[in-house]
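Q: Give me coordinates for this.
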Amino acid sequence: MNIVAYPNPTSDLLNIGFDSNANQDVLVTMLDATGRLVINENRNADEGANKFVMSVKGMAAGIYTMQFRTSDSVQSIRVVVE
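A: You can find the predicted model right below:
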């Protein structure tokens, strides 16, 4: 799963793009710098390219870890909220 998030840093909307090798459920979580869960969403991914938009408006400024969990992998990227 190749994950991109832009614009990064952001203060409003975050565009998320990723490739999936199968039709599957993806659990998307975002953790703050202390490890506290701030976003927890289930998404359906189609085989191939996928894209969705996530609002970070109102979140505290800082560095967050966004995790993508499928039945067979976990991948993370860093997101900066201004």
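Q: Which parts of this structure are strands?
A: Ranges of strands in the chain, per DSSP state E, are 3-6, 13-20, 24-31, 37-45, 48-55, 62-69, 74-81.
Q: Put together TSV for those strands, with mean pLDDT and mean neighbour count on each row.
A: (Glycine included, C-beta is placed from N, CA and C.) Shown next, in TSV, are those (pLDDT from 0 to 100; neighbours: other C-beta atoms under 10 Å):
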stretch	mean pLDDT	mean neighbour count
strand 3-6	96	14
strand 13-20	95	16
strand 24-31	97	17
strand 37-45	96	13
strand 48-55	96	12
strand 62-69	97	17
strand 74-81	96	15
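Q: contacting residues around P9?
A: V79, V80, V81, E82 (C-beta atoms under 8 Å, 6 or more residues apart in numbering).
Q: check contacts around the second one.
A: Taking C-beta under 8 Å, 6+ apart as the contact definition, V80 lies against N8, P9, T10, G62, I63, Y64.
Q: List phi and psi for the second one.
A: Okay, so that is P9. phi -80, psi 160 (degrees, to the nearest 10).
Q: Please renumber the chain so that the first residue is 21 from this point on.
A: All set: I'll call the first residue 21, so the last point we hit is now P29.
Q: And it, what's its pLDDT?
A: Confidence at P29, expressed as pLDDT, is 97.
Q: Please name the bridge partners of the residue sitting nearest the centre point of the chain.
A: For the chain, the residue sitting closest to the mean C-alpha position, by C-alpha atoms, centre = their mean, is M86 at 4.5 Å. When assigned by DSSP bridges, M86 has beta-bridge partners M50, I97.
Q: same question, A65
A: Counting by DSSP bridges, A65 is bridged to Q44.
Q: ok, now how distant is it from V99?
A: 19 Å (C-beta to C-beta, to the nearest Å).
Q: Repeat that for D45.
A: Taken as C-beta to C-beta, the span from D45 to V99 is 21 Å.
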